[in-house]
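Visitor: Build the 3D model from these lines:
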Amino acid sequence: MPLPPDASPQQRLWALIHDIRHGMLTARHRDGQLRSRPMTTQNRTLDDGPPVLWFFVALDSAPALDLKDDGEVNVAYADPQQDRYVSIAGRARFVDDPQRKQALWSKADAAWFRHGPDDPNLGLLAVQVDHAEYWDVTASRMAQLFTMARAAALGEPPPRLGEHHEVPTLPR
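Guide: Next up is the predicted model:
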């Protein structure tokens, strides 16, 4: 997704993750351990204003129970084919919004929630993005291999092969 030079932090963030449908949501379990689970990002775009990622979660599931105790989360996205990686820190909360559930619903969601967007076990989880960081390798695979082989032969660390940035502080 090409970006204009004056792209906002939200636009840059969305450009990096919009094709990656699944992220790993990490939350603190009731026993104190961090647990990561694959989740499908329901957004088709990011809304104007503070960026929010939307997920459907079974209300009787372990992730939902964990999030009731502690809403601090991380969502990690990886696209190894494009050498693109994104880490998002934020605050998760359950939202009661039947219209948004309907708008985000897809036929694929029926595999988990048989009664559709009105399923009583369907929770709508909003993750307010507070911080994002990304790694986007721009060099081709051949260039990467050559650069790494050359660095190894010379006993030097390889030069940076792509971009690593923190998205500027995102508005709340």
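
Visitor: Okay, strands next: where are they in the chain?
Guide: Taking DSSP state E, the strands of the chain run over residues 22-28, 34-40, 52-58, 72-79, 84-95, 122-137, 162-167.

Visitor: List the buried residues in the second one.
Guide: Meaning strand 34-40. With burial defined by 16 or more other CB atoms under 10 Å, the residues of strand 34-40 counted as buried are Met39. In short, each C-beta sits where N, CA and C put it, glycine included.

Visitor: Now do it, average pLDDT.
Guide: In this model, strand 34-40 has an average pLDDT of 96.

Visitor: what does stretch 10-24 give?
Guide: Averaging pLDDT along stretch 10-24 yields 87.

Visitor: Quick one: end-to-end length of it, please.
Guide: 20 Å (CA to CA, to the nearest Å).

Visitor: Stretch 19-37 too?
Guide: End-to-end distance (CA to CA), stretch 19-37: 19 Å.

Visitor: circling back: can the strands of the chain go into a markdown table with extra columns for distance to Phe113?
Guide: Formatted as a markdown table, these follow (distance: least, CB to CB, whole Å):
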| stretch | distance to Phe113 |
| --- | --- |
| strand 22-28 | 17 |
| strand 34-40 | 12 |
| strand 52-58 | 7 |
| strand 72-79 | 21 |
| strand 84-95 | 15 |
| strand 122-137 | 5 |
| strand 162-167 | 32 |
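
Visitor: Where among these is average confidence lowest?
Guide: Mean pLDDT is lowest for strand 162-167 out of the strands of the chain, coming in at a mean of 63.

Visitor: coming back round to it: of the strands of the chain, which is nearest Arg12?
Guide: Among those, strand 162-167 comes nearest to Arg12, with 6.1 Å by CB to CB.

Visitor: Nearest to Gln11, out of the strands of the chain?
Guide: Of all the strands of the chain, strand 162-167 sits nearest to Gln11, with 10.1 Å by CB to CB.
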